[in-house]
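Visitor: need a structure here:
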Amino acid sequence: MNLFRTKSIEQSMADADEPGRQLKRSLSSWDLMIMGVAVAVGAGIFSVGAKAAANFAGPAVTISFAVAAVTCALAIMCYAEFATAIPVAGSAYVFTYATMGELLAWIIGWNLILELFTAGAVIAKYWGIYLSKVFALMGADIPPSISLGGVDLYWGAFLIVAVFTVLLVLGTKLSARVGNIFTLVKIAVVLFVIVVGFTYVKFENYTPFVPTSEPTGGTGAADVMKQSFFAFLTGAAPAQYGTLGIFAGAALVFFAFIGFDVVATSAEEVKDPQKTLPRGIFGGLAIVTVLYILVSLALTGMVSYTQLAEAENPTLTTAFEAVGNTDAAKIIAFGSLVGLTTVIMVLLMGLSRVVLAMSRDGLLPRSLSKTSTIRATPARLQIICGAAVALVAGLTNVDLLEEMINIGTLSAFVTVSIGVLVLRKKRPDLKPAFRVPFGKVLPIVSAVLCLYLMTNLAVETWIFFAIWLVIGVAIYFAYGQRHSRLNEKFAEARASVSGPVGKSAAVADAKNHTGAAAAAAEAGAEEAEAANTRS
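Guide: Below is the predicted model:
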């Protein structure tokens, strides 16, 4: 049982062209840039920054956003190098399979499913709640949920997930066009918030910029579970603000940058990916970072962070109500609704593409990877993903797992950052269109920063994450390992190579080949034999 067998890049490219499982290349740099903004600029820009300022960083939440942006940028550089070298669907899962082996690839794919599924469900539920708020502002009292047999059904989640599932089934380009319209509208709303917010700024609200660290006053089990994992490991008492508060805030606002890794999952649907992917990803990240920092400066300048902390659930609306501008609440509510709309679309697409890649490899049922012959979209899989997200969002208290989104993403970022170095060593012959600068330095810094932000998430989040990993490993050994296509080729090669003499011959033969066979030789003589047989 070789748990660290790797899949060659050439084989990943060949699998992407398998008849009946192909995706259509139709996206441009502009589409990717808008997609990045679409998935990142959601309700988080209206709420996460206020929570981080109130509970963790104070006015220094601006630094928290900068730290999160730098961390995201470093990781996205690694994604861009991988994506231009292996432009197929699956993102971090595919990259890990090519560098660090099947078991770790499965774990990363499993974590990506955690990130995308949980994010899709949480945000779909919030969309329904914001829709009811918009109706309320218009004078219509429509509750976000209805009771069915004692169970609260959030009908809005079913509505929005159904709409975008249909659009994604009809075609990725069509979905992107609809998303572009919504994205431009919400950027306009964000700019409105920034401009109006700065008219209320009082510079005394920025003092102290980094509030002095203070204990939360709790020592019970609940407080321990809510404190950061880093504080728990170091034995520090539960506290907020100070320097550690900035990093705790960065771990929280990192949620607002979730999604740029999802853009990389669309690599197989991008025209001229070697040029298009880096431009689209970095362009979107630059726009989002500027917007976030400006919003955080306006927010903390309008009201004191202590005033935000007094609110049970502080948002941008809290700040505008505090300065007496209640009309802005209507604009913010509308902006939040529009913002969430496109986020759901991109997350649903990313989720289906990750599952598609894993099912192509047999780690999940192969039937899931079939695509429509007419529209070249994974219609069956998209419907299954949409139905699952809608059911969880509409019927469960999924928002309790909100921080799971961050830890799933950061774990993938760590692996991709390390994987870049492994890829360079294993395949020096590859010449990706984009390469992370400064050699090994930036990928290592990226991995360390992502790991550190992970430790700033709550203890309970790590416990839930450990449970998720245990479930994932169990599924791998119960199904994935035995049904893996690489495992089948491994077994066929074993059967065709009899005895040590035959095996030695296979090794020698592999060494005399380049390309796919050479890559396979690094994974073992058995896979090399399979590659030679194919060639």
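
Visitor: Which residue ranges of the stretch 101-250 of the chain form strands?
Guide: For the stretch 101-250 of the chain, the strands defined by DSSP state E, counting those that start in this stretch occupy 146-148, 151-153, 214-215, 239-240.

Visitor: Quick check: Gly362 is in a helix.
Guide: No: assessed with DSSP: H, G, I helix; E, B strand; the rest coil, Gly362 is coil; it does not lie in a helix.

Visitor: Now do the same contact list for it.
Guide: Gly362 makes contacts with 480, 483-488, as judged by C-beta atoms under 8 Å, 6 or more residues apart in numbering. Where C-beta positions appear, they are placed from N, C-alpha and C, glycine not excepted.

Visitor: rewinding a little: which of the strands of the stretch 101-250 of the chain sits most buried?
Guide: strand 239-240 (a mean of 19; mean count of other C-beta atoms under 10 Å).

Visitor: Could you report the pLDDT at the residue nearest to Lys330 when sequence neighbours are not counted?
Guide: Nearest non-adjacent residue to Lys330, counting by C-beta to C-beta, 6 or more residues apart in numbering: Leu137, 4.9 Å away. Reported pLDDT at Leu137 in the predicted model: 74.

Visitor: Likewise for the one 4 residues further on?
Guide: Asp141 is assigned 82 on the pLDDT scale.

Visitor: Okay, Ala54 and Pro208: tell me how far apart.
Guide: 15 Å (C-beta to C-beta, to the nearest Å).

Visitor: which of those two has more neighbours?
Guide: Ala54 (27 against 11; other C-beta atoms under 10 Å).

Visitor: any chance you could map the helices in the stretch 51-200 of the chain?
Guide: Ranges of helices within the stretch 51-200 of the chain are 61-85, 92-99, 102-137, 155-170, 172-198, based on DSSP state H, counting those that start in this stretch.

Visitor: In terms of secondary structure, what does the first one contact?
Guide: Applying 3 or more C-beta pairs under 8 Å, 6 or more residues apart in numbering; DSSP states H and E, one finds that helix 61-85 makes contact with helix 44-52, helix 92-99, helix 242-253, helix 260-264, helix 273-302, helix 402-426, helix 441-455.

Visitor: By neighbours, which of the contacts of Gly362 wins?
Guide: In these, the most neighbours by other C-beta under 10 Å go to Leu486, 26 neighbours.

Visitor: pretty sure that residue is touching Leu3, no?
Guide: No: applying C-beta atoms under 8 Å, one finds Leu486 not in contact with Leu3, separated by 11.1 Å.

Visitor: Next, show the common contact partners of these two.
Guide: Glu102.

Visitor: on that earlier part again, pick the most deeply packed of the helices of the stretch 51-200 of the chain.
Guide: helix 92-99 (a mean of 29).

Visitor: That helix - what's its average pLDDT?
Guide: 85.

Visitor: Which strands or helices does that helix pack on?
Guide: Helices and strands touching helix 92-99, by 3+ C-beta pairs under 8 Å, 6+ apart, are helix 9-16, helix 61-85, helix 102-137, helix 327-360, helix 402-426.

Visitor: Let's see that with 6 Å instead.
Guide: For helix 92-99, the packing partners by 3 or more C-beta pairs under 6 Å, 6 or more residues apart in numbering; DSSP states H and E come out as helix 102-137, helix 327-360, helix 402-426.

Visitor: between that helix and helix 61-85, how many degrees?
Guide: Angle of helix 92-99 versus helix 61-85, following axes from the mean of the first three to the mean of the last three C-alpha atoms, to 10 degrees, is 50 degrees.

Visitor: Pull the residues that contact helix 92-99.
Guide: Residues from elsewhere that reach helix 92-99 (C-beta atoms under 6 Å, 6 or more residues apart in numbering): 7, 9, 12, 82, 86, 88, 104-105, 108-109, 354, 357, 412, 415-416, 419, 422-423.

Visitor: Just the buried ones from the residues you listed?
Guide: 7, 9, 12, 82, 86, 88, 104-105, 108-109, 354, 357, 412, 415-416, 419, 422-423 (16 or more other C-beta atoms under 10 Å).

Visitor: mean pLDDT lowest for which of the helices of the stretch 51-200 of the chain?
Guide: helix 172-198 (a mean of 81).

Visitor: what about that helix, distance to the chain center?
Guide: Taking C-alpha atoms, centre = their mean, to the nearest Å, one finds the center of helix 172-198 at 20 Å from the center of the full chain.

Visitor: before we move on, back to that, between the helices and strands packed on helix 92-99, which gets nearest to Asn313?
Guide: helix 102-137 (11.4 Å; C-beta to C-beta).

Visitor: Show me what that closest one is packed up against.
Guide: Against helix 102-137 (3+ C-beta pairs under 6 Å, 6+ apart) you get helix 92-99, helix 155-170, helix 327-360, helix 379-395, helix 402-426.

Visitor: Tyr476 is nearest to which of those helices?
Guide: Using C-beta to C-beta, the helices and strands packed on helix 102-137 put helix 327-360 closest to Tyr476, at 10.5 Å.

Visitor: which parts of that closest one are buried?
Guide: Quick answer for helix 327-360 (16+ other C-beta under 10 Å): 328-329, 331-360.

Visitor: Same question for stretch 138-145.
Guide: Those would be 144-145, for stretch 138-145 by 16+ other C-beta under 10 Å.

Visitor: Now the terminal residues of it, how far apart.
Guide: For stretch 138-145, the first and last residues are 18 Å from each other (C-alpha to C-alpha, to the nearest Å).

Visitor: how about Thr371, secondary structure?
Guide: Assigned with three-state DSSP, Thr371 falls in the coil class.

Visitor: To clarify, my last question referred to Pro437.
Guide: Relying on three-state DSSP, one would call Pro437 coil.

Visitor: which non-adjacent residue is nearest it?
Guide: Met77 (7.9 Å).

Visitor: Over to Gly101?
Guide: Nearest non-adjacent residue to Gly101 (C-beta to C-beta, 6+ apart): Phe4, at 3.3 Å.

Visitor: what do you get for Ala60?
Guide: Val210 (4.6 Å).

Visitor: That neighbour: neighbour count?
Guide: Val210, neighbours per other C-beta under 10 Å, totals 15.

Visitor: Could you dump the helices and strands packed on helix 102-137 into TSV and include distance to Thr276?
Guide: TSV is the format used below for these (distance: least, C-beta to C-beta, whole Å):
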stretch	distance to Thr276
helix 92-99	18
helix 155-170	20
helix 327-360	16
helix 379-395	23
helix 402-426	19
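
Visitor: Among those, which comes closest to Leu451?
Guide: Closest among the helices and strands packed on helix 102-137, using C-beta to C-beta: helix 402-426, at 5.4 Å.

Visitor: Which positions in that closest one come out as buried?
Guide: 402-424, 426.

Visitor: what's that helix in contact with?
Guide: Outside helix 402-426, the residues touching it (C-beta under 6 Å, 6+ apart) are 75, 78-79, 81, 92, 95-96, 99, 108, 111-112, 114-115, 118-119, 122, 254-255, 258, 440, 443, 446-447, 450-451, 453-454, 457, 461, 464-465, 522.
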